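Undergrad: Got a predicted structure here, sequence first:
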Amino acid sequence: MITVLAGGVGAARLLAGLMRVVPPHDITAIVNVGDDLVLHGLAISPDLDTVTYTLANAIDADRGWGLADETWNAMAMLEQLGGERWFNLGDRDLGTHLYRTERLSSGADLSTVTTEIARAWGLDLGLLPATNDPLRTFVTLPDENDTEVSFQRYFVERQHNVRVSAVRFDGAATAKPAPGVLDALDDCDTIIIAPSNPIVSIGPVLAVPGIRDVVERRHDRTVAVSPIVAGAAIKGPADRLMKELGHDPSVVGVARMYRSLASTLVIDGADRDLAPAVEAEGVQCIVTDTIMRGPAEAAALVRATLKEFR
């Protein structure tokens, strides 16, 4: 049994590789919901949907989000009417959000709805939101008079092209782990921290009371995959956020952030020379190719990641 702490794109690609190595019913992904938002009256869960669409081979590979072969008629009409258009939603993708919103409005929780959507796509792995309670990531923008904005306003509307001085997980203090989350962490053979942004993808998951405690207790059975290669993020602002918030934007910095959680860090061959520095932080180091150009490379990364834990 493998449990994965997951954000969006990087985690989805790792999970696609994992499903080639481990039977899907032996996998549970615990997914970040700090990016979730309500827009146009619809409940939108970007990371859950990115994981679902990727594993169903339905993702738009060029964008890394949304569905392939999408149309944009609803957004065109919204623009014609003068509506808010900073967050694009394709016509088929809107169906997912309509379904989620209807089910949540009828009293179903996010875990139940997530499972229903995953099963509709033919997925057999366990797919769990970190919590069913409201949890939202906010960032402070020092160049905008310390304005605090939601993660999606930062990431999409401002194209994550502005400085950040603080990150806050609103609702984390009172959130409860979704049903099955703590059991999945306690009962698995190995926990993998996916190559997702440590601050705004993995951070909100660990902020839910109880989750960090279990991962720390299972430190010896936890392995993290670095999202940083040669001092830069493969995708997104992880390197810049780390630097802006006082962390070293390197695999050594990742090791420092995760050393209480994981006994092992997987780094790319481009950072081979930093392996001794990683291990000096008290973290065992595995060096391999971490660039997931496709499912085969993702599966090879998973095999290297799990080699010490099988």
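TA: On my side now, so go ahead. Numbers count the residues shown, from 1 in each chain.
Undergrad: where exactly do the helices run in this protein?
TA: Assigned by DSSP state H, the helices in the chain fall at 9-21, 46-55, 73-80, 91-105, 110-120, 151-152, 181-187, 202-207, 211-217, 238-244, 251-258, 275-280, 295-306.
Undergrad: Including mean pLDDT and mean neighbour count, could those go into TSV?
TA: In short, each C-beta sits where N, CA and C put it, glycine included. Below are the helices of the chain laid out as TSV (pLDDT from 0 to 100; neighbours: other C-beta atoms under 10 Å):
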stretch	mean pLDDT	mean neighbour count
helix 9-21	96	24
helix 46-55	98	25
helix 73-80	96	13
helix 91-105	98	16
helix 110-120	98	18
helix 151-152	96	21
helix 181-187	98	18
helix 202-207	98	25
helix 211-217	98	16
helix 238-244	96	21
helix 251-258	98	24
helix 275-280	98	16
helix 295-306	95	19
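Undergrad: can you redo these as JSON lines with distance to I193?
TA: JSON lines is the format used below for the helices of the chain (distance: least, C-beta to C-beta, whole Å):
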{"stretch": "helix 9-21", "distance to I193": "9"}
{"stretch": "helix 46-55", "distance to I193": "14"}
{"stretch": "helix 73-80", "distance to I193": "35"}
{"stretch": "helix 91-105", "distance to I193": "26"}
{"stretch": "helix 110-120", "distance to I193": "20"}
{"stretch": "helix 151-152", "distance to I193": "19"}
{"stretch": "helix 181-187", "distance to I193": "11"}
{"stretch": "helix 202-207", "distance to I193": "6"}
{"stretch": "helix 211-217", "distance to I193": "8"}
{"stretch": "helix 238-244", "distance to I193": "13"}
{"stretch": "helix 251-258", "distance to I193": "7"}
{"stretch": "helix 275-280", "distance to I193": "15"}
{"stretch": "helix 295-306", "distance to I193": "10"}
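Undergrad: from memory E308 sits against V223, does it?
TA: Yes: taking contacts as C-beta atoms under 8 Å, E308 lies within contact range of V223: 7.4 Å.
Undergrad: which residues do those two both contact?
TA: The contact sets of E308 and V223 overlap at 264, 286 (C-beta atoms under 8 Å, 6 or more residues apart in numbering).
Undergrad: Between those two, point out the one with more neighbours.
TA: Neighbour count, other C-beta atoms under 10 Å: between E308 and V223, V223 has more, with 23 against 13.
Undergrad: quick one, what contacts the more buried one?
TA: Applying C-beta under 8 Å, 6+ apart to V223 gives the contacts 190-193, 262-266, 286, 305-306, 308-309.
Undergrad: and if you look at A184?
TA: A184 sits in contact with 1, 3, 28, 30, 126, 128, where contact means C-beta under 8 Å, 6+ apart.
Undergrad: Out of the residues you listed, which comes closest to S165?
TA: Closest approach between the contacts of A184 and S165, by C-beta to C-beta: I30, at 28.4 Å.
Undergrad: beta partners for that closest one?
TA: Using DSSP bridges, the beta-bridge partners of I30 come out as L5, L128.
Undergrad: OK, contacts around it?
TA: So I30 contacts 3-6, 128-130, 181, 184-185, 205, 211 (C-beta under 8 Å, 6+ apart).
Undergrad: cool, V229 as well?
TA: By C-beta under 8 Å, 6+ apart, the contact list for V229 reads 251, 267-268, 270-271, 290-291.
Undergrad: and with 6 Å instead?
TA: For V229, the contacting residues are 268, 270, by C-beta atoms under 6 Å, 6 or more residues apart in numbering.
Undergrad: And it, how far from V251?
TA: Applying C-beta to C-beta, to the nearest Å, the value for V229 to V251 is 8 Å.
Undergrad: just S201 next, same as before
TA: S201 sits 17 Å away from V251, going by C-beta to C-beta.
Undergrad: and if you look at P227?
TA: Distance from P227 to V251, counting by C-beta to C-beta: 10 Å.
Undergrad: what do you get for A74?
TA: A74 is 42 Å from V251, where distance means C-beta to C-beta.
Undergrad: Ok, I192 next?
TA: From I192 to V251 the distance is 16 Å (C-beta to C-beta).
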